[in-house]
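In: Just to be clear, the model below is a prediction. Sequence and coordinates:
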Amino acid sequence: MSRRVIYSASAIKDLRRLDKSIAKRIMDKVEGLAAGKEIAVTPLKFTPADLGPLYKYRVGDYRVLFRLEGADICVDIVAHRSEVYKVLRRR
């Protein structure tokens, strides 16, 4: 089963801030997740109510926070593991 990946404006901004090799690795992993190759995703326990259920996906030292909307993966936040939850609180 293949899903479509949609990056939010803030996720694109997050990816542009990263080194190109790291951003490419993250995008490749998310595409693998969409193609059904990866299954190691975890629901986020404490999610702001306005965002709905979020999932986290680990790519090295980085975390990708995303929502599942039908057949789409909507990527909301890409950040280093030490910063991702601080970023989540700010958005």
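Out: Great, that's in hand.

In: helix, strand or coil for the residue most central in space within the chain?
Out: Centroid check for the chain by Cα atoms, centre = their mean gives Val64 as the closest residue, at 2.6 Å. Secondary structure state of Val64, per DSSP: H, G, I helix; E, B strand; the rest coil, is strand.

In: Name the nearest residue to it, sequence neighbours excluded.
Out: Excluding its sequence neighbours, the residue lying closest to Val64 (Cβ to Cβ, 6 or more residues apart in numbering) is Tyr57, at 4.4 Å. Where C-beta positions appear, they are placed from N, C-alpha and C, glycine not excepted.

In: Does that neighbour touch Ile73 like I think?
Out: No - here Tyr57 does not reach Ile73: they are 9.2 Å apart, not a contact under Cβ atoms under 8 Å.

In: what are the phi and psi values for the residue nearest to Val64?
Out: Phi and psi for Tyr57, reported as degrees, to the nearest 10, are phi -130, psi 130.

In: Next: the one 10 residues further on.
Out: Here is the backbone geometry of Arg67 (degrees, to the nearest 10): phi -120, psi 150.

In: Just list whatever residues bridge to it.
Out: Cys74 (DSSP bridges).

In: going forward, begin numbering at 604 instead of 1
Out: Happy to do that; since the first residue is 604 now, the last one works out to Arg670.

In: Can you get me a residue count around it?
Out: Arg670 is flanked by 18 other residues according to other Cβ atoms under 10 Å.
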